[in-house]
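Trainee: Sequence and predicted model, in that order:
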Amino acid sequence: MQHTNTQDTIVGLFVASGIAGLLFLAMQVSNLSSFVDEDSYTITARFENSGALKVKSQVSAAGVKIGHVIGINFDPKTYESVVKMSINAKYNTLPDDTTASIFTAGLLGEQYVNLDPGGSDVYLQKDGKIEITQSAIILEKAIGQFLFKSAAEEKK
Amino acid sequence: MIQFIQNLGKSTRTSFNKLGRATYFLFEIISGTLGILLRPRLLVNQLYSVGVLSFLIITISGLFVGMVLGLQGYYTLSDFGAEETLGVMVAASLVRELGPVVSALLFAGRAGSALTAEIGLMKATEQLSGMEMMAVDPIKRILTPRFLAGLISMPLLAGLFSAVGIVGGQIIGSGLLGVDQGIYWSQMQASIDFHDDIINGIIKSVVFGFVTSWIALFEGYDAIPTSEGVSRATTRTVVNSAFSILGLDFILTALMFGDN
């Protein structure tokens, strides 16, 4: 009887450690833990060009993560990109004249939405819209403009 | 010439025959599953000899594989100034590929070969026929618990392998080479998706556990009951398991990760 009890214990430990390993993968390694978060509300912003922004990209204000992108759609009427964002309900005091811009983290990093709060006293509500936006900087466009500009200056 | 055609036909017939016997054998094993649920003691015994005894080799190999990935990844990524993505590289390669595949290969070598030898020797010493004489179904009593134990252990072992490997990569990456620890984890969490990467990795390991245990048990059950026959069956188990694991891995990867 002693023997079978020891074996039960060891098998139990093995199964527990296996499950702990899988849980570790789920919570620590993957992004699952950041999506089981508490209440949140959605806001939308329209960008002329949303660049390489993806669903699940980070939304931050003053460098702190406050939410994530949950949908990017093309509006066929205005030819704009409609970005839906889910913001943590803790941060419900964003003014309605907040500016949304798409930045890149580092030179090769991922793109994210940065919210720059304005000075208005009216706060953004659920399903609120951000009116002032700044598109993603497309590197090729910027380089192209720079080259044209320097070529034009040389001609003078 | 005719001899050659005849041999070809014969080998086709025997391989189909073997496939058919293996499939029939699989159905018989699976049909015993319900009976095992009533006698979990048999399953626990096998979980010990199949799973627990493979624990050490899996975790130690996982640690070293993760550490090697950390080193090699760092040297390659630092050429591009992208050391901060080391965590992503280590985690993605472990969770998607190396975790399921390498642990399945080790499992086939450690547990699969032992299963084949055990069953083959039981057959050679007529223990299986003895059980039939006592009206005990050897497939349900001996083989089904071993099969289920392999099926349950494999995803647990693969998860452990990946988890230990990621920690090993972190030990090397941030302990030895100076990648920031916070960046290692946060970049990993930003890029590894629970459904696309981790669930698919677990599915892979379940498939590998199924195939490896099936091959090991069938080769043992089908072995010629002599010492040479058992030794050949053990070799075939390891070789065939390795082939099937790697081949299936390619197919599963193409199906799972094809669209991104």
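Mentor: Cool, the structure landed. These numbers were taken from a predicted model, which means no experiment stands behind them.

Trainee: Check the burial of B:T116 by counting its neighbours.
Mentor: The number of residues packed around B:T116, counting by other Cβ atoms under 10 Å in any protein chain shown, is 30. Any C-beta I mention is one placed from the backbone N, CA and C, and that applies to glycine too.

Trainee: right, and it touches B:D222 too?
Mentor: No. With contacts counted by Cβ atoms under 8 Å, B:T116 stays clear of B:D222, the gap being 9.6 Å.

Trainee: shared neighbours of those two, which are they?
Mentor: In the contact map built from Cβ atoms under 8 Å, 6 or more residues apart in numbering or on different chains, the residues linked to both B:T116 and B:D222 are B:A233.

Trainee: can you tell me which residues contact B:T253?
Mentor: Taking Cβ under 8 Å, 6+ apart as the test, what B:T253 contacts is B:96-97.

Trainee: With B:L151 instead?
Mentor: B:L151 is in contact with B:206, B:209-210, B:213, counting by Cβ under 8 Å, 6+ apart.

Trainee: quick one: A:V59 is in a strand?
Mentor: Yes. Counting by DSSP: H, G, I helix; E, B strand; the rest coil, one finds A:V59 located in a strand.

Trainee: Against chain B, how distant is it?
Mentor: Using Cβ to the nearest Cβ, to the nearest Å, one obtains 13 Å as the distance from A:V59 to chain B.

Trainee: Which strand or helix spans the closest residue to that residue other than its chain neighbours?
Mentor: Spatial nearest neighbour of A:V59, chain neighbours left out: A:G67 (4.1 Å); criterion: Cβ to Cβ, 6 or more residues apart in numbering or on different chains. Secondary structure here is read from DSSP states H and E; on that basis A:G67 sits in strand A:64-75.

Trainee: Output the contacting helices and strands for that strand.
Mentor: Strand A:64-75 is packed against strand A:40-47, strand A:58-61, strand A:80-88, with contacts defined by 3 or more Cβ pairs under 8 Å, 6 or more residues apart in numbering or on different chains; DSSP states H and E.

Trainee: Would you mark the buried spots in the longest helix along chain A?
Mentor: When chain A is scanned for its longest helix (criterion: DSSP state H), the result is helix A:2-24. Going by neighbour count (16 or more other Cβ atoms under 10 Å in any protein chain shown), the buried part of helix A:2-24 is A:7, A:10-11, A:14-15, A:17-18, A:21-22, A:24.

Trainee: and what of stretch B:197-216?
Mentor: By 16+ other Cβ under 10 Å, the buried positions in stretch B:197-216 come out as B:197-198, B:200-202, B:204-216.

Trainee: May I have it as PDB, with CA atoms only?
Mentor: What follows is the C-alpha trace of stretch B:197-216 in PDB, where atoms were taken according to Å, rounded to 0.1, in the frame of the first residue of the first chain:
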ATOM      1  CA  ASP B 197       1.000  29.300 -31.400                       C
ATOM      2  CA  ILE B 198       0.400  27.500 -28.100                       C
ATOM      3  CA  ILE B 199      -2.800  25.600 -28.900                       C
ATOM      4  CA  ASN B 200      -1.400  24.500 -32.200                       C
ATOM      5  CA  GLY B 201       1.800  23.300 -30.400                       C
ATOM      6  CA  ILE B 202      -0.400  21.300 -28.000                       C
ATOM      7  CA  ILE B 203      -2.400  19.800 -30.900                       C
ATOM      8  CA  LYS B 204       0.900  18.800 -32.500                       C
ATOM      9  CA  SER B 205       2.100  17.100 -29.400                       C
ATOM     10  CA  VAL B 206      -1.100  15.200 -28.900                       C
ATOM     11  CA  VAL B 207      -0.900  13.900 -32.500                       C
ATOM     12  CA  PHE B 208       2.800  12.900 -31.900                       C
ATOM     13  CA  GLY B 209       1.900  11.100 -28.700                       C
ATOM     14  CA  PHE B 210      -0.900   9.200 -30.400                       C
ATOM     15  CA  VAL B 211       1.300   8.100 -33.300                       C
ATOM     16  CA  THR B 212       4.300   7.300 -31.200                       C
ATOM     17  CA  SER B 213       2.400   5.100 -28.700                       C
ATOM     18  CA  TRP B 214       0.500   3.400 -31.500                       C
ATOM     19  CA  ILE B 215       3.700   2.500 -33.400                       C
ATOM     20  CA  ALA B 216       5.500   1.400 -30.200                       C
END
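
Trainee: Is it in proximity to chain A?
Mentor: Yes. Taking Cβ under 8 Å from any Cβ of the partner chain as the criterion, stretch B:197-216 and chain A are in contact, through B:197-198, B:201-202.

Trainee: mind listing what the residue in chain A that chain B sits nearest to touches?
Mentor: Each residue of chain A has a distance to chain B, by Cβ to the nearest Cβ, and the smallest belongs to A:G18, at 2.6 Å. When contacts are counted by Cβ under 8 Å, 6+ apart, A:G18 touches B:51, B:153, B:155-157, B:159-160.
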